[in-house]
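In: Any chance you could fold what I've pasted below:
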Amino acid sequence: MTLSGNNIAVYAGSSAAGGGSDRSPSGLSHAENGGFGETALPSAGQASVTVSREVRFTPDRYRNALGKYKISRSADCAACGLCAELCPHGVHCKPEGYAFTLRPQDYLCVGPTCATTDHYCIDKCPKHALQLMRNPSIDVLSDARWSSDLILSTWHMAATGHAPPAGLEYRRGNSGGGFDRLHIDLPDDAKPKIDPAEIDTGLDLNRRGDSRPQIHIDIPIYGGGMSFGSVSIHTMLGKARAAVAWNTFTCTGEGGYPDRLMPYDEHVITQVATGLFGVREETMQRVRIVEFKYAQGAKPGLGGHLLGDKNTPPVARMREAVAGNALFSPFPFHSVYSVEDHKKHLDWIKEVNTKALVSVKVSTPADVDMVAVGSYYAGAHIIHLDGSYGGTGAAPDIAKKNIAMPIEFGIPKVHKFLTAEGIRDKVTLIASGGIRTPHDVLKSIALGADGVVIGTAEMVALGCVRCACCESGRGCPRGIASTDPELMQQMSLDWATQRLINLLAAWREQIVDVLSKLGIRSTRELRGRTDVLYYK
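Out: Sure thing, here's the model as predicted:
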């Protein structure tokens, strides 16, 4: 099956290939399992998916898109069309043959930045019919970490695949701490020292030198775990297709492995969490990486919680639970109280899938360095540190703001300890928990990480307005973090896929730009280079 809008070729065999059954290896029908109409699935190792990495302009799916500024046109407008001729950003439009100028697409406006140019529509209008003001709606979207500028710039990158224009602060938020006070030592007028085409952003994930395969990803970024039940199936599939396009990964989260993810096996991480929802040997055998989630940085010590309203019949069947009941993932794994117990867990996965790499996701307690060393000696290939800033609107503020260590402290603590132990180059260190921008990616790597995991940034790219309704009622009113069939249909799969592909393209473009100006040839060479950072 080819989806013409996105050049996405997806495996689709005949129902006869599956013995004529419309039931998955898990025993669930495809509709029950989030199938929504797909009837044929590949067996493990038979996935055949290609997704174009090409950037395509993909505007907001809502007619009245939000922008930082609003332009009003008074009745004095003579419809001369001069503003449409002058504006290089497409804010004004007067179609040929029309006797009037269309309503300004002011979400494209860069605001007062234009005031020093020769195309500033406000001053050039012969009738002075245009007025510029800051959009009052924008400020209600923001918080200290996710400022309105960060949200708008993420939307711009998801739409265009490039950095936003002047007028939007796209490198940091307004929290007054953490990554927002950590800067890359790079003058604004710096010139490239290395041809950007020579910059390598790839990352090898297996450093143990064992018999398991090497896995290479093209960017030091992959998608975090978002489970079936917490987000819509379109969100999960959009993340998976973007991972295919950029030769990276996305994670199932703790809600099981929906059938519709199976064509993307090569780029999916199966997560095993404390609730063991949907965990089956078959789904662990399909993938190249299996992740144990021991704790989440946004709410360490609390486990997971899916409210009953989001536990719809398809979600309940996937999780082998009762529809409408709230579902809890306990904390911790009650079978793991030592490194020896931890090693038994990892050995179990290695026996189930003899070719998979094993990732261990932990939060950032005060002794996170000891936790990381223990995970290495237990046999982990990837140590995934999840800091306190992560989590969606479902994570309680009391936990996000008071329990775990911020990721910018956790990364260097673990990096230095692993180095002192002589094992730093034998393990891959991945960081998450508040990675909002490509500059956060660079700062994480300079502090000592090998790569990062993102989550909230993906949701914002899909149109999230940070309303914090992820877990309540029918969930997200925009259909991103909802299990309601009607709300899900607000967001088409093709649109979601392309927005995420564009976002990663914009992030890589900015990462390459900074590295070329620093004179660093790869993200691997940036690791641990705290000398390129300063705190202000």
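In: For residue 451, give the beta-bridge partners.
Out: Bridge pairing for residue 451 (DSSP bridges) gives the partners residue 430.
In: Could you tell me the phi and psi values at the closest residue in space to residue 204 that isn't next to it in sequence?
Out: Setting aside the residues directly before and after it, residue 204 is nearest to residue 216 in space (C-beta to C-beta, 6 or more residues apart in numbering), at 5.4 Å. All C-beta spots, glycine's among them, are computed from the backbone N, C-alpha and C. Main-chain torsions, residue 216, degrees, to the nearest 10: phi -110, psi 130.
In: do the same with residue 375
Out: As for residue 375, its main-chain torsions (degrees, to the nearest 10) stand at phi -70, psi -40.
In: Hmm, the residue nearest to residue 204 is touching residue 201, no?
Out: No: taking contacts as C-beta atoms under 8 Å, residue 216 lies outside contact range of residue 201: 11.3 Å.
In: Between these two, which is the more surrounded one?
Out: residue 201 (21 against 12; other C-beta atoms under 10 Å).
In: roughly how far apart are residue 409 and residue 433?
Out: Here residue 409 is placed at a distance of 11 Å from residue 433 (C-beta to C-beta, to the nearest Å).
In: ditto for residue 139
Out: For residue 139, the distance to residue 433 - C-beta to C-beta - is 26 Å.
In: ok, those two, which is more surrounded?
Out: residue 433 (31 against 11).
In: Hmm, residue 368 and that one touching each other?
Out: No: the criterion here is C-beta under 8 Å, and residue 433 misses it with residue 368 at 11.6 Å.
In: Return every residue with contacts to both of these two.
Out: residue 385 (C-beta atoms under 8 Å, 6 or more residues apart in numbering).
In: Which of the helices and strands in this protein ranks last by mean pLDDT?
Out: None of the helices or strands of the chain scores lower by mean pLDDT, DSSP states H and E than strand 2-3, at a mean of 34.
In: got the buried residues for the helix or strand hosting residue 317?
Out: Element membership for residue 317, per DSSP states H and E: helix 313-319. When burial is assessed from 16 or more other C-beta atoms under 10 Å, helix 313-319 yields the following buried residues: 314-319.
In: ok, how many other residues are close to the nearest residue to residue 154 once chain neighbours are set aside?
Out: Leaving aside its chain neighbours, residue 154 sits nearest to residue 460 (4.5 Å; criterion: C-beta to C-beta, 6+ apart). Residue 460 is flanked by 25 other residues according to other C-beta under 10 Å.
In: Residue 158 now?
Out: By other C-beta under 10 Å, neighbour count at residue 158 equals 27.
In: and it, what is it in contact with?
Out: Neighbour list for residue 158: 58, 460-462, 499-500, 502-503, 506 [criterion: C-beta under 8 Å, 6+ apart].
In: Beyond the helix or strand that contains it, next helix or strand please.
Out: Element membership for residue 158 (DSSP H and E) is helix 148-160. For helix 148-160, the following helix or strand on the C-terminal side (DSSP H and E) is strand 182-184.
In: in its sheet, what does the first helix or strand past that next one going along the chain sit against?
Out: Following strand 182-184 in sequence order, the next helix or strand is strand 203-204 (DSSP H and E). Here strand 203-204 has these sheet partners by DSSP bridges: strand 216-217 (antiparallel).
In: Which strands and helices lie in contact with the helix or strand that the strand it pairs with is followed by?
Out: Next along the chain after strand 216-217, taking DSSP H and E as the criterion, comes strand 221-223. Counting contacts by 3 or more C-beta pairs under 8 Å, 6 or more residues apart in numbering; DSSP states H and E, strand 221-223 packs against helix 233-245, strand 250-251, strand 451-454.
In: Pull the distance from the helix holding residue 317 to the chain's centre.
Out: 24 Å (C-alpha atoms, centre = their mean, to the nearest Å).
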